[in-house]
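Peer 1: sequence first, then the predicted structure:
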Amino acid sequence: MKIKKVVAADMQQALQQIRRELGEDAVIVSTAKEPIRSIRQLFGPRRIEVTAAVDDHEFNVPVQQKIEAPAPPLLLESPVPAGRDENAKSVVEPETPARIIPGKLVPARLPEPIMEISEKSQNNWFNIVLQQELNKGGGKMDSGLPGKWKKLLQRAEINEVIIEKLLKDMPSNIEQDDSLSEEIFRAHLKKRIIDLVKIAYASKSAARIHSFIGPTGVGKTLTLAKLATKYKVVEKKRIGLITVYNHRFGITEKLNYYGKIIDVPVDVVMTPGELTRAVEKHSDKDIVFIDTEGRPSMNRSQVLELHTFMGAVKETQSIHLVLSAPTKNRDLIRIANDFLPIGYDKIIFTKLDETDTYGSMLNVSCDTGLPVGYVTRGQNVPDDIEHMTPKRFADIIIGGLVTDEDYQS
């Protein structure tokens, strides 16, 4: 087998050079952008590298010559070892002899690059050997910079399907010890994450009512207090506070405490009808925040009850599912799906200061197709809350990737 790599300005030039050097029967093995080895290449057009291969036998035989003999076997025949079936074949032979008919050229296979050998051509011994050669150089995602970043993404507990999307067709031939290449790869990865989640951020809801739902202990009331204080004290908005009380003792005291600090009374409701009237009462407010008690997502009756309360709000509202970032990835996905019937449209992740593994946030956003609206760190009101955009979200995901050096320090 003859393998040739050419570098050209574009694919057309590369194909012409391959035809001249390998002939019309060459098969394209791979294509890639030329590695960036200097700053100058950042500001100029990138050339392409095309790797092609052709069978030595076909390559060395003139087209005019007629060949009737079968193609040679891959292995020479040898005596049958003791204990082996004498009828067993010790050679790998093609099922069909190779023929070249005078004056008849095989159609060129170059215009359509291929990355895999089709099932039909697997019977040809040349393609079997070619596939073996490809396998030797395969696994680009597991070596070099892609291999390094794949490991980091796995440590962050990002779903394998998402990792594959993020690293697919990345510049795998960049040298890993090149700091410039590292930054270029990081920029590529950040853009991939932004592209992955930006659809979820496309909807711009201007709701006046904001409800907060989620499991027990994730920090819903504290998160609401941070936002309420921000809008009341910093942005000088007129706000209303409502809490839905039904099961847990002491649930109203938390919000009442924060309400007194910012001088905003809290309406306590116990039925869907009371919630409807409370929202109508605050029709003059710029923003109304509705707190709900934590409910186990696996308790379907309580989830359905919460759905009834949310349905009592007659105007457009934004429902925020509040989740704790340190929660196990599997549980986060389950909880997010359990609460989907309520119709939440945004996700808030709390307690980022209690974990260094942020991949689950990306998993949940991709799984639900919904944006992460806010993240919180710490107990300070109203400072420890941050509004998310696709760019900022990607920064947090990449910034949370733990390197080998971090593990060793």
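Peer 2: On my side now, so go ahead.
Peer 1: alpha carbons only for contacts and neighbour counts from here, please
Peer 2: OK.
Peer 1: Glu24 is in contact with Ala53, correct?
Peer 2: No. The pair Ala53 and Glu24 does not pass the contact test of C-alpha atoms under 8 Å, sitting 10.9 Å apart.
Peer 1: more neighbours: which of the two?
Peer 2: Neighbour count, other C-alpha atoms under 10 Å: between Ala53 and Glu24, Ala53 has more, with 22 against 19.
Peer 1: find the nearest non-adjacent residue to that one, please.
Peer 2: Ile3 (4.3 Å; C-alpha to C-alpha, 6 or more residues apart in numbering).
Peer 1: buried residues in the helix or strand hosting the one you found, which are they?
Peer 2: Assigned by DSSP states H and E, Ile3 belongs to strand 2-8. For strand 2-8, a neighbour-count test (16 or more other C-alpha atoms under 10 Å) marks 3-4, 7-8 as buried.
Peer 1: of these, which one scores lowest on pLDDT?
Peer 2: The pLDDT minimum for those sits at Ile3, where the score is 76.
Peer 1: that one reaches Thr51, doesn't it?
Peer 2: Yes. If you go by C-alpha under 8 Å, Ile3 and Thr51 touch, sitting 7.2 Å apart.
Peer 1: the helix or strand of the chain with the lowest mean pLDDT: what's the following helix or strand?
Peer 2: Ranked by mean pLDDT, DSSP states H and E, the weakest helix or strand in the chain is helix 125-136, scoring a mean of 42. Downstream of helix 125-136, the first helix or strand assigned by DSSP H and E is helix 144-155.
Peer 1: give me the mean pLDDT for that next one.
Peer 2: On average, helix 144-155 scores 85.
Peer 1: ditto for stretch 163-177
Peer 2: So the average pLDDT for stretch 163-177 ends up being 72.
Peer 1: could you do stretch 304-313 as well?
Peer 2: pLDDT averaged over stretch 304-313 gives 94.
Peer 1: list the buried residues for it?
Peer 2: Buried, per 16+ other C-alpha under 10 Å, within stretch 304-313: 306-307, 309-313.
Peer 1: what's the most distant pair in these?
Peer 2: Leu306 and Val313 (11.7 Å; C-alpha to C-alpha).
Peer 1: which parts of this protein are helices?
Peer 2: Using DSSP state H, the helices of the chain run over residues 11-22, 56-60, 125-136, 144-155, 160-167, 179-197, 220-229, 251-261, 272-281, 300-311, 329-338, 359-368, 390-399, 404-408.
Peer 1: among these, which is nearest Lys351?
Peer 2: That would be, of those and by C-alpha to C-alpha, helix 220-229, which comes in at 10.3 Å.
Peer 1: packing partners of that closest one?
Peer 2: strand 209-213, helix 251-261, strand 287-292, strand 385-387 (3 or more C-alpha pairs under 8 Å, 6 or more residues apart in numbering; DSSP states H and E).
Peer 1: now tabulate these in CSV and tack on mean pLDDT.
Peer 2: As requested, the helices and strands packed on helix 220-229 are exported to CSV (pLDDT from 0 to 100):
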stretch, mean pLDDT
strand 209-213, 97
helix 251-261, 84
strand 287-292, 96
strand 385-387, 95
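Peer 1: report the buried residues of stretch 373-391.
Peer 2: Quick answer for stretch 373-391 (16+ other C-alpha under 10 Å): 373-377, 381-382, 384-385, 388-390.
Peer 1: first-to-last residue distance for it?
Peer 2: Terminal residues of stretch 373-391 are spaced 12 Å apart (C-alpha to C-alpha, to the nearest Å).
Peer 1: export the helices and strands packed on helix 220-229 as CSV, with columns for distance to Ile398.
Peer 2: Converted to CSV, these look like this (distance: least, C-alpha to C-alpha, whole Å):
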stretch, distance to Ile398
strand 209-213, 28
helix 251-261, 34
strand 287-292, 32
strand 385-387, 17
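Peer 1: so which of these comes closest to Thr243?
Peer 2: Using C-alpha to C-alpha, the nearest of the helices and strands packed on helix 220-229 to Thr243 is strand 287-292, at 4.5 Å.
Peer 1: what residues does that closest one touch?
Peer 2: 208-213, 220-221, 224, 228, 237-245, 279, 282 (C-alpha atoms under 8 Å, 6 or more residues apart in numbering).
Peer 1: may I see the PyMOL selection of the buried members of these?
Peer 2: Burial among the contacts of strand 287-292 is assessed by 16+ other C-alpha under 10 Å; the matching PyMOL selection reads:
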select buried, resi 208+209+210+211+212+213+220+221+224+228+238+239+240+241+242+243+244+245+279+282
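Peer 1: may I have stretch 12-32 exported as PDB, CA atoms only?
Peer 2: Provided in PDB are the C-alpha atoms of stretch 12-32 (Å, rounded to 0.1, in the frame of the first residue of the first chain):
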ATOM      1  CA  GLN A  12      -9.100  20.900  -5.900                       C
ATOM      2  CA  GLN A  13      -5.400  21.400  -5.900                       C
ATOM      3  CA  ALA A  14      -5.000  18.500  -3.500                       C
ATOM      4  CA  LEU A  15      -7.000  16.200  -5.700                       C
ATOM      5  CA  GLN A  16      -5.000  17.100  -8.800                       C
ATOM      6  CA  GLN A  17      -1.700  16.400  -7.000                       C
ATOM      7  CA  ILE A  18      -3.000  13.100  -5.600                       C
ATOM      8  CA  ARG A  19      -4.100  12.000  -9.100                       C
ATOM      9  CA  ARG A  20      -0.700  12.800 -10.600                       C
ATOM     10  CA  GLU A  21       1.200  10.900  -7.900                       C
ATOM     11  CA  LEU A  22      -1.100   8.000  -7.000                       C
ATOM     12  CA  GLY A  23      -3.400   7.700 -10.000                       C
ATOM     13  CA  GLU A  24      -7.200   7.600 -10.400                       C
ATOM     14  CA  ASP A  25      -7.700   4.700  -7.900                       C
ATOM     15  CA  ALA A  26      -6.500   6.500  -4.900                       C
ATOM     16  CA  VAL A  27      -8.800   6.600  -1.900                       C
ATOM     17  CA  ILE A  28      -8.900   9.700   0.400                       C
ATOM     18  CA  VAL A  29      -8.200   8.600   3.900                       C
ATOM     19  CA  SER A  30      -8.600  11.900   5.800                       C
ATOM     20  CA  THR A  31      -8.700  15.600   5.400                       C
ATOM     21  CA  ALA A  32      -7.800  18.300   7.900                       C
END
